[in-house]
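Enquirer: what follows is a protein structure lacking sequence information:
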Ligand SMILES: *Cc1c(COP(=O)(O)O)cnc(C)c1O
């Protein structure tokens with residue numbers, strides 16, 4: 001069976017050797033040595049001053065909204081994982097969906113501008129499939145209308161612009177280190193803010209708003225453990241290999257599938273951009289063709305994932321707003337299997353099966 005993803009696991013002995021340090025100290029959570037070590041390593045890799053390792057990629061979105069004191073309407077993308085929208089709802093904000101760019105699948109800055117009202121306070125955008133949003137345009141709009149910017153960078157670990165991590169942009173950027181993501185800590189995530197004061201607030205929020213007996217503000221439990229940090233420290237060692245293998249696999253799929261009726265992620269020839277090759281989306285000409293192809297793949301025990309589906313503006317608990325581009329893409333897109341030890345032979349089988357199904361469709 002080939003699933004859309006398979007979790008990267010470091011050699012067991014490497015992991016247990018790190019765990020032993022926590023065991024010997026008898027310190028397994030509450031900002032321990034491994035958590036601090038992982039944070040230092042991540043700050044250095046991402047080139048950011050402030051970063052906190054947290055329990056997942058959802059609570060960090062909530063912490064971001066709280067720390068920036070966001071309320072009212074937030075302009076966001078209809079094409080992301082459901083957590084992007086539910087974090088807004090959970091924090092009593094109203095999501096206002098701006099449709100996406102047909103080519104990049106990221107929020108369309110022109111649509112942001114036309115969705116702004118006097119109640120708008122922020123923009124929450126996702127770097128979809130690890131491909132960066134139009135950061136310059138979004139920053140310009142935010143400055144003009146005095147809006148805060150939060151990036152859901154759950155997919156964006158490893159993507160660089162001019163050698164600088166895409167996670168270093170916005171008032172706050174977040175990332176997920178869930179086991180399905182390119183770099184993971186089993187469960188986990190991080191939050192990045194450039195402003196010192198804001199970063200301190202986030203640090204306090206992460207552990208209930210207090211330091212020992214000094215209570216500064218309300219907070220939440222967004223901490224993560226030594227057990228999770230150990231996984232992160234192990235996996236970080238393999239990051240160059242993980243990124244290199246993704247790139248190789250990604251380019252192979254592209255070569256196999258570029259001259260078909262499928263729309264693939266069209267990477268620009270931009271020397272400033274280092275893409276992380278986190279996902280390989282394929283958009284079919286129609287939902288029917290996608291469904292037929294999924295059936296054919298299923299017979300060979302190959303399971304791509306409809307990701308993202310559905311468009312978030314169509315969620316049953318959302319007041320309906322129309323986003324034709326996002327709805328159209330969400331109804332026709334799947335992400336193909338892409339993970340560290342996926343073999344060339346397996347990839348070939350997947351690509352050829354899709355090509356055969358495409359022929360049957362015609
Ligand atoms: C995975 C993901 C999240 C949620 O992260 P968790 O760590 O699972 O809470 C949020 N947004 C996007 C875009 C994601 O892909």
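Expert: Nice, I can see it. Fair warning: this is a prediction, and the values are worked out from it, not measured in the lab.
Enquirer: residues touching the residue nearest to residue 80 when sequence neighbours are not counted, list them.
Expert: Residue nearest to residue 80 in three dimensions, not counting chain neighbours: residue 126, with 3.9 Å by C-beta to C-beta, 6 or more residues apart in numbering. Glycine gets a C-beta too; all of them are placed from N, C-alpha and C. Taking C-beta atoms under 8 Å, 6 or more residues apart in numbering, we find residue 126 in contact with 77, 79-81, 84, 106-107, 133, 151-155.
Enquirer: got JSON lines for those, with pLDDT, secondary structure and distance to the ligand too?
Expert: Formatted as JSON lines, the contacts of residue 126 follow (pLDDT from 0 to 100; DSSP: H, G, I helix; E, B strand; the rest coil; distance: C-beta to the nearest ligand atom, whole Å):
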{"residue": "77", "pLDDT": "98", "secondary structure": "coil", "distance to the ligand": "9"}
{"residue": "79", "pLDDT": "98", "secondary structure": "coil", "distance to the ligand": "10"}
{"residue": "80", "pLDDT": "98", "secondary structure": "coil", "distance to the ligand": "5"}
{"residue": "81", "pLDDT": "98", "secondary structure": "coil", "distance to the ligand": "4"}
{"residue": "84", "pLDDT": "98", "secondary structure": "helix", "distance to the ligand": "5"}
{"residue": "106", "pLDDT": "98", "secondary structure": "coil", "distance to the ligand": "11"}
{"residue": "107", "pLDDT": "98", "secondary structure": "strand", "distance to the ligand": "12"}
{"residue": "133", "pLDDT": "98", "secondary structure": "coil", "distance to the ligand": "12"}
{"residue": "151", "pLDDT": "98", "secondary structure": "strand", "distance to the ligand": "10"}
{"residue": "152", "pLDDT": "98", "secondary structure": "strand", "distance to the ligand": "5"}
{"residue": "153", "pLDDT": "98", "secondary structure": "coil", "distance to the ligand": "8"}
{"residue": "154", "pLDDT": "98", "secondary structure": "coil", "distance to the ligand": "3"}
{"residue": "155", "pLDDT": "98", "secondary structure": "coil", "distance to the ligand": "6"}
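Enquirer: now these as TSV including neighbour count and distance to residue 32?
Expert: Shown next, in TSV, are those (neighbours: other C-beta atoms under 10 Å; distance: C-beta to C-beta, whole Å):
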residue	neighbour count	distance to residue 32
77	32	36
79	28	38
80	25	32
81	19	29
84	25	30
106	22	37
107	31	38
133	30	35
151	27	28
152	30	27
153	32	25
154	29	25
155	24	28
